[in-house]
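K.L.:
Next come a sequence and a model predicted from it.
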Amino acid sequence: MRAPDFREVAEHLTDSQLALALEASGWQKFGGQANLYSRWRPRSDSGDRSNGGLLLPQDRETDDYSDLLSQAVAQAWKLGDERIRAILTRAATLHALGDEMKFHKEVASRKGTIPWSAGEDLHAGAHKSMVVAAKTRKSKAAYYGNSNSFLAKSFLDSVLMGQTEVGSYVITAYAPPDEVFSERKVKPGDTIPLIGRHTGREITLGLVGALEAAREAVDHFKETGSTYSFVENVNRGFCYELTQAVRNLIRDSEGAEVEVELNSAEDLFSGRVAERHKLEFAPSDYAALERAGNMLAATVDPLFVTVLGTVTLLERPKPGNPGVVRLDVLGGTEARKMRVRLKVEHYDMAVDAHRNNLALRISGRQELEGHYYWLYDPQILELVAIAPEASDSTIEQGSQDSLF
């Protein structure tokens, strides 16, 4: 086991935490001066006191506190056994990072690699899973859309992505367990709300609860053929977005798993085993998750909206026939992107809008079908001039992605 940077380890712990680690590893405290320092030495396997020990500073106000603590860490590593070394190594790598979430996708590939598209799916599945975990803290819903987005974004902004591991592929994320996230933006001078605040640990546990609900809902459907469990588990965090997340994890794979380990200072330095949760999903779960996703998305009521959007994709099988366009929505609905099937004259107008960097204002019935928002019975009201920086839709005909 390679020695860590002792000064770095000392930056992530206190003298009281190191004392807990020493005690848990069989060290004995002998002598010292209260509130200034304590002295510690390890015991040998035979129970006899071994030679040597360390001085552990206790007064954090002294100028040499950090130096003395670093020296104590070095001595603990030098004189201690594998137990204390494992704790110190963990302190250097995990303690400052927080609760650990691992998203693992098993694919047939060279060790430590993953096909690019499968890797993109894995990243998307991890991202969506953590978004769901945050959103379920504010409310439970079959379909979220853009609801509860502030809480989810605040949480993700504080999550760190760790190093990957050798395997088929593993994405590691670390969430701060003690940081508090608010459901709404708190303006300067506002009183911090007493409710609507959630810790990183609560959100991480929300991920565990939601995935457990997904696992039970899928198992119930596969055993009975009943969709009852899909709706029944909504109050536990099962939702349309989670079905998407898990499908991303298992698509084009031989299986996937999510492992959550809760890391706190007390667990780390007291020697207690960290609380771990592991949820596994198989390719055979995909059809049930797709069925559940379609069912949960259908609970979203159609809305009659007037949207303003820029044309980013156009698709018309034959000239002179109706076509489909995709709008990047600038306003009028919570949907970010929307597909619209247009008559010939309206499609040609959309082509002009795309070429001339104009936006379309369209009214119609908004519905969600699978992954996509659609606007039915559309009526184009007008073309709207927009500033160049208001749109990033300069996509050349022929080089665009498919609408479907």
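P.N.:
Sure thing, it's come through. Owing to the predicted nature of the structure, the values given are computational and were not obtained by experimental measurement.
K.L.:
and the helix or strand hosting Ser38, what other elements does it pack with?
P.N.:
Following DSSP states H and E, one finds Ser38 within strand 37-41. Judged by 3 or more CB pairs under 8 Å, 6 or more residues apart in numbering; DSSP states H and E, the packing partners of strand 37-41 are helix 15-24, strand 28-33, strand 54-57. Where you see a C-beta, it was placed from the backbone N, CA and C, and this is true even at glycine.
K.L.:
from these, which stretch is densest packed?
P.N.:
Ranked by mean neighbour count, the helices and strands packed on strand 37-41 are led by strand 54-57 with a mean of 21 (mean count of other CB atoms under 10 Å).
K.L.:
May I have it as CSV, with CA atoms only?
P.N.:
Taking C-alpha atoms only, strand 54-57 is exported to CSV below (Å, rounded to 0.1, in the frame of the first residue of the first chain):
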residue,chain,number,x,y,z
LEU,A,54,3.2,9.6,18.5
LEU,A,55,2.2,12.9,19.9
LEU,A,56,-1.3,14.1,18.9
PRO,A,57,-1.9,17.9,19.2
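K.L.:
Return the set of buried residues in the next helix-or-strand element following it.
P.N.:
As assigned by DSSP H and E, the chain's next helix or strand after strand 54-57 is helix 65-79. For helix 65-79, burial by neighbour count (16 or more other CB atoms under 10 Å) applies to 65, 68-77, 79.
K.L.:
likewise stretch 348-362?
P.N.:
349-351, 353-354, 357-362.
K.L.:
Same check on stretch 205-224?
P.N.:
Buried positions in stretch 205-224, judged by neighbour count with 16+ other CB under 10 Å: 205-208, 210-215, 217-218, 220-221.
K.L.:
Tell me which of those fall in helices.
P.N.:
The helices, defined by DSSP state H, take in 205-208, 210-215, 217-218, 220-221 from the buried residues of stretch 205-224.
K.L.:
All the helices of the stretch 151-300 of the chain, residue numbers only.
P.N.:
Remark: helices assigned in the stretch 151-300 of the chain by DSSP state H, counting those that start in this stretch are 200-224, 228-232, 240-250, 265-270, 286-297.
K.L.:
Out of those helices, which gets nearest to Gly26?
P.N.:
Closest to Gly26 of these is helix 265-270 (CB to CB; 13.7 Å).
K.L.:
Could I get the average pLDDT for the closest one?
P.N.:
Mean pLDDT, computed over helix 265-270, is 63.
K.L.:
And for stretch 15-26?
P.N.:
The pLDDT scores in stretch 15-26 average 84.
K.L.:
swap in stretch 65-73?
P.N.:
92.
K.L.:
Tell me how many other residues surround Arg7.
P.N.:
Arg7: 14 surrounding residues under other CB atoms under 10 Å.
K.L.:
what sits against the nearest residue to it once chain neighbours are set aside?
P.N.:
Spatial nearest neighbour of Arg7, excluding adjacent residues (CB to CB, 6 or more residues apart in numbering): Ser70 at 4.7 Å. Ser70 makes contact with 6-7, 9-10, according to CB atoms under 8 Å, 6 or more residues apart in numbering.
K.L.:
Identify all contacting residues around the strand holding Ser38.
P.N.:
Under CB under 8 Å, 6+ apart, the answer for strand 37-41 is 19, 22, 27-32, 49-50, 52-59, 68, 79.
K.L.:
switch to 10 Å and redo it
P.N.:
15, 18-19, 22-23, 27-33, 49-59, 62, 65, 68, 72, 75-76, 79-80 (CB atoms under 10 Å, 6 or more residues apart in numbering).
K.L.:
Now it: buried residues?
P.N.:
Across strand 37-41, burial judged by 16+ other CB under 10 Å covers 37-38, 40-41.
K.L.:
just to revisit the earlier point, what's the spacing between the residue nearest to Arg7 and Asp5?
P.N.:
Note on Ser70: its distance to Asp5, by CB to CB, to the nearest Å, is 9 Å.
K.L.:
Many thanks, we can stop here.
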